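**Q** give me coordinates for this.
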Amino acid sequence: MILVLRALGVGDLATAVPALRALRAGHPDRELVLAAPAWLDPLVELVGGVDRVLPVSGLDPLEWSGPPPEIAVNLHGRGPRSHELLRATGHGRLLAFRCPPAGHPDGPAWDDAEHEVRRWCRLLDWYGLPADPDDLALARPAPDRVPVGVTVLHPGTKVPAKRWSPARFAALARHLTRHGHRVVVTGSTTELGVAEQVARRAGLPATAVLAGRTGLADLAALVAHARLVVSGDTGVAHLATGYGIPSVVLFGPVPPSRWGPPPDRPRHRALWAGTEDYPEWNGVGVHPTMAALPVDHVLAEVDEAERAVRDDGAVTAQ
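**A** Numbers count the residues shown, from 1 in each chain. Predicted coordinates for the structure are as follows:
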């Protein structure tokens with residue numbers, strides 16, 4: 001049996017898809033258990049290849065009562081805490097980044113500047129399990145309870161520094177609506193107020209606010225059958241990549257070179273106003289690279305993303 005730790009969120013799970021599939025391909029006959037938050041179950045099903053989820057909350061001790069796993073895999077971090085969490089299961093072998101303080105001198109060295117998808121692929125490559133960083137596709141759920149062909153604006157994130165202003169999202173929504181987009185605004189229950197503010201300023205009907213009304217399964221279906229997604233650097237952006245839905249992702253503190261969509265997919269656009277050196281910032285409020293993104297630049301990227309879809313269609317037709 002293989003136990004994999006990835007006790008994080010939607011985007012974190014989506015960026016680990018190639019690594020999970022490499023583990024599945026390398027060990028097709030072993031049970032693959034993913035230690036992750038229970039609320040991610042619907043997305044785990046769309047990834048495929050995972051036999052069951054072991055519910056966890058952050059890096060709390062694992063409720064592990066079975067025999068020691070033959071292989072434990074740390075897709076969570078560099079250690080030592082995550083390494084030690086897996087060590088407590090009595091595993092036979094640990095696949096993880098090098099961390100002598102956790103008693104793990106094996107494995108490759110951690111690289112802070114590495115893209116999150118390639119990070120975990122490199123880890124498994126080091127252990128002889130080839131992983132394809134382009135293998136990001138998710139199973140497409142049926143749109144049973146969600147509208148189809150809408151443009152999804154997702155103004156919220158868990159990190160305040162990554163938030164583009166509601167006023168700019170509203171201006172974007174007004175422009176897109178005038179040009180034939182059916183705009184909906186998504187978010188978690190805690191982001192409902194921001195979503196309602198965007199909709200009110202944009203003159204959208206109350207029915208356009210889906211924040212707090214879509215669980216993870218419905219959110220995945222909504223994105224999978226959307227026309228376009230515009231969001232900050234958060235989980236919804238990774239869903240759009242997984243489904244090949246045109247997207248524009250707005251980056252703040254962290255550059256797209258670390259968390260952005262694949263640069264060779266023109267329908268997925270990453271917009272960032274910073275440099276690798278970052279501007280000076282006092283840590284309060286919205287990051288200056290996010291605040292520097294004007295609406296017209298986002299609209300230009302929307303045009304490019306939709307043009308890429310049309311170009312794909314023209315190539316296919318030939």
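**Q** L8 reaches S82, doesn't it?
**A** No: L8 is not in contact with S82 according to CB atoms under 8 Å; the separation is 10.4 Å. C-beta here means a position set from N, CA and C on the backbone, and glycine is covered the same way.
**Q** which neighbours do the two share?
**A** The contact sets of L8 and S82 overlap at H76 (CB atoms under 8 Å, 6 or more residues apart in numbering).
**Q** the two: which is more packed in?
**A** Neighbour totals were compared for L8 and S82, and S82 leads with 22 against 19 (other CB atoms under 10 Å).
**Q** give me the element L85 is part of.
**A** If you go by DSSP states H and E, L85 is part of helix 81-87.
**Q** pLDDT on that helix, on average?
**A** Averaged across helix 81-87, pLDDT comes to 95.
**Q** distance of P246 from A199?
**A** To A199, P246 is 22 Å away according to CB to CB, to the nearest Å.
**Q** again with P143
**A** Counting by CB to CB, the gap from P143 to A199 is 21 Å.
**Q** and those two? which has more neighbours close in?
**A** Applying other CB under 10 Å to P143 and A199 shows that A199 carries more neighbours, namely 26 against 15.
**Q** what residues does the helix holding L85 touch?
**A** Residues outside helix 81-87 that contact it (CB under 8 Å, 6+ apart): 3, 5, 59, 61-62, 72, 74, 76, 94, 96, 99, 102-104.
**Q** restricted to strands, list those.
**A** Secondary structure assignment by DSSP state E places 3, 5, 72, 74, 94 of the contacts of helix 81-87 in strands.
**Q** the second one contacts H76, correct?
**A** So the one you mean is L5. Yes: between L5 and H76 there is a contact at 4.5 Å, judged by CB under 8 Å.
**Q** of the ones in strands among the contacts of helix 81-87, closest to V302?
**A** Top of the list for closeness to V302, among the ones in strands among the contacts of helix 81-87 and by CB to CB, is L5 at 37.3 Å.
**Q** ok, the closest one - how many residues close by?
**A** Neighbour count for L5, taken as other CB under 10 Å: 25.
**Q** which ones are touching it?
**A** Residues near L5 by CB under 8 Å, 6+ apart: 35, 56, 72-76, 82, 85-86.
**Q** turn those residues into TSV, columns for distance to E306.
**A** TSV is the format used below for the contacts of L5 (distance: CB to CB, whole Å):
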residue	distance to E306
A35	39
V56	40
A72	44
V73	39
N74	40
L75	34
H76	36
S82	40
L85	44
L86	44
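**Q** for those residues, which one is nearest V47?
**A** The closest of those to V47 turns out to be L75 (CB to CB; 12.3 Å).
**Q** excluding its backbone neighbours, what's nearest that closest one?
**A** Spatial nearest neighbour of L75, excluding adjacent residues (CB to CB, 6 or more residues apart in numbering): R6 at 4.5 Å.
**Q** so what's L94 closest to, chain neighbours aside?
**A** Nearest non-adjacent residue to L94, counting by CB to CB, 6+ apart: A72, 5.1 Å away.
**Q** what's around the one you found, how many residues?
**A** 26.
**Q** so it is in contact with G90, correct?
**A** No: the pair A72 / G90 is not scored as a contact, 9.2 Å apart, by CB under 8 Å.
**Q** confirm for me that the residue nearest to L75 is in contact with L34.
**A** Yes: counting by CB under 8 Å, L34 is a contact partner of R6 at 6.4 Å.
**Q** and the gap between D144 and R30?
**A** 34 Å.
**Q** quick one, which of the two is more surrounded?
**A** The residue with more neighbours, out of D144 and R30, is R30; 15 against 8, by other CB under 10 Å.
**Q** tell me who's in contact with that one.
**A** Residues in contact with R30 (CB under 8 Å, 6+ apart) are 1-2, 70-71.
**Q** sec struct for it, please.
**A** Three-state call for R30 (DSSP: H, G, I helix; E, B strand; the rest coil): coil.
**Q** same question, R24
**A** Under three-state DSSP, R24 falls in the helix class.
**Q** return the residues in contact with it.
**A** Taking CB under 8 Å, 6+ apart, we find R24 in contact with 32, 49-50.
**Q** how about R98?
**A** Neighbouring residues of R98 by CB under 8 Å, 6+ apart: 104-110.
**Q** let's see that with 10 Å instead.
**A** Neighbour list for R98: 78-79, 83, 104-110, 126 [criterion: CB atoms under 10 Å, 6 or more residues apart in numbering].
**Q** ok, now which ones touch the one residue sitting closest to the centre of the chain?
**A** Residue closest to the average C-alpha location in the chain (CA atoms, centre = their mean): G11, at 2.0 Å. Going by CB under 10 Å, 6+ apart, G11 touches 116, 157, 233-239, 241, 259.
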